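In: kindly return the folded structure for what I paste below:
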Amino acid sequence: KDALEHVSNMKSRMVSLEDEADSLRKVIVEKNKEALFDVLTEIPNRLAFEKKVIDEIARWKRFKNPLSLAIWDVDFFKKVNDTYGHKAGDKVLKTVAQVLNDRIRETDFLARYGGEEFIMLLPGTKEEETLRLVNDVRQKVADCNFSYRGEEVKINIYCGVSWIRKDDNGWAQVVERADKALYQVKAG
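Out: Numbers count the residues shown, from 1 in each chain. Predicted coordinates for the structure are as follows:
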């Protein structure tokens, strides 16, 4: 009788441990999602981008399909914050993220890259298509009729674009070229 009771207790304990392990796995999955998500803009964050770009470059190496990258920057963002306050700045970032996200394809990837910068991966997109897309998106943001407390606030964004090339050693070179292109556009 003691042996049967001991076996029963062990089974009960095992079920309890399995339930606890399942709960912990769910928490880990949820925390990983949170770690890759920007709470303010409700899009993926820079860490998520860094994970995604590794996959996309591996896919590019295998299939040789075009891979474009676009870096976006909100023009005069500091002025919005200084003039209207941080709540207005937050609303601008949310609005820009929503417009960007609404304009990309299901296979594209958008993330908040930092501060008022966003980054897009556009797999399978040739140079002409990329330029058409970014010009369309830029215009959509300019036309979004953003207002804060009843006052119209003009939002403009700049974009730098780059394409992966066969002599690139990694994604950092592609990002660097897009970043340089972004600052050339802003300076011009």
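
In: quick one: low-confidence parts of this protein?
Out: 31 (pLDDT under 70).

In: for it, what spans make up the strands?
Out: 37-38, 43-44, 67-74, 109-114, 117-123, 147-148, 151-152, 157-163 (DSSP state E).

In: show me the contacts for the spatially closest residue to Gly115 that is not a sequence neighbour.
Out: Once flanking residues are discounted, Gly115 sits nearest to Phe77: 7.5 Å by CB to CB, 6 or more residues apart in numbering. All C-beta spots, glycine's among them, are computed from the backbone N, C-alpha and C. Residues in contact with Phe77 (CB atoms under 8 Å, 6 or more residues apart in numbering) are Gly89, Val92, Gly115, Glu116.

In: from the residues you listed, pick the one nearest Lys26.
Out: Closest approach to Lys26 among these (CB to CB): Gly115, at 32.7 Å.

In: ok, now how distant is that closest one from Val15?
Out: Using CB to CB, to the nearest Å, one gets 49 Å for the distance from Gly115 to Val15.

In: kindly report the same for Leu122.
Out: For Leu122, the distance to Val15 - CB to CB - is 49 Å.

In: buried set for stretch 52-67?
Out: Lys52, Val53, Glu56, Ile57, Trp60, Leu67 (16 or more other CB atoms under 10 Å).

In: quick check, the last one in contact with Lys61.
Out: No. In this structure, Leu67 sits apart from Lys61 without contact. The criterion is CB atoms under 8 Å, and the distance is 9.8 Å.

In: mind listing the shared neighbours of these two?
Out: By CB under 8 Å, 6+ apart, no residue touches both Leu67 and Lys61.
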